[in-house]
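Trainee: A predicted structure for the sequence below; I have some questions about it.
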Amino acid sequence: MKGNVYAVVIAAAILAGCQDAEKEKAPEDANTQPVSTEGIDNQPQSEDSHQEAIMKAEPKVFLDDSFLSELSQNKIKGFDISIGASKKEVTEIYGRVSERDFYDGGQYLAFEHLSGAIFFFDGQHRVYAMDLAGFHLNTADIAEIRQTLGTPEDEGDSHVDGEWFLYYQAGENSVIFSAENGNAPVDRMRVINKKMVEESPQNL
């Protein structure tokens, strides 16, 4: 049945993560520096165009015919962080933690110099999952993604959140592309290695 595989993957991650949904924010630091926008046109512009410029400057995941084979080795083509990367590696590239909260049964962290991205760390402080906004992809077109990556393991309306999804497996990593519907652009890509968190649950 459509959506069953996707639901099982997410449900397993939820059971392996923390069930506590209490919101916890990282303390604000008066010395926190603003996100760098070096290289972006500094001429006066509207809020929308300024946000668009920042989005264009963000790192891009490159979806091509080698994406899944590289992901099976925990590499995410075009992106600085791979599955299994340490928290130290993430902070060295993207700065301090700017947000700490719970989502889909686990605790995630967001970082001050990377917008539209959250990371989940296992008990050994390694990235076992990440959610990236659609603007981090070199294409958000569902038809193009399907054509490039091939036939998905599953697709359709998700039983988890009601969104349309494409689900692929790459070794021990699952990748899910989500969109509002089957004709809408992808708004999120999730990569998750549920074996990592099952073997080393989050320390909360």
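Mentor: Great, that's in hand.

Trainee: and the helices in this protein?
Mentor: Using DSSP state H, the helices found in the chain span residues 4-16, 47-57, 67-71, 87-94, 142-149, 194-199.

Trainee: quickly list what the residue positioned nearest the centre of the chain is bridged to.
Mentor: For the chain, the residue nearest the mean C-alpha position is D131 (1.6 Å; C-alpha atoms, centre = their mean). Taking DSSP bridges as the rule, D131 bridges to I118, R190.

Trainee: gap between it and H159?
Mentor: Counting by C-beta to C-beta, to the nearest Å, the gap from D131 to H159 is 18 Å. All C-beta spots, glycine's among them, are computed from the backbone N, C-alpha and C.

Trainee: same deal with F67?
Mentor: Per C-beta to C-beta, F67 is found 26 Å from H159.

Trainee: the more surrounded of those two?
Mentor: Applying other C-beta atoms under 10 Å to F67 and H159 shows that F67 carries more neighbours, namely 22 against 15.

Trainee: ok, the more buried one - contacts?
Mentor: Applying C-beta atoms under 8 Å, 6 or more residues apart in numbering to F67 gives the contacts 61, 77, 148-149.

Trainee: go with 6 Å
Mentor: The contact partners of F67, taken as C-beta atoms under 6 Å, 6 or more residues apart in numbering, are K77.

Trainee: now swap in the one 5 residues further on and tell me
Mentor: Shown here is S72, whose contacts under the criterion C-beta under 6 Å, 6+ apart are 170-171.

Trainee: that'll do, ta.
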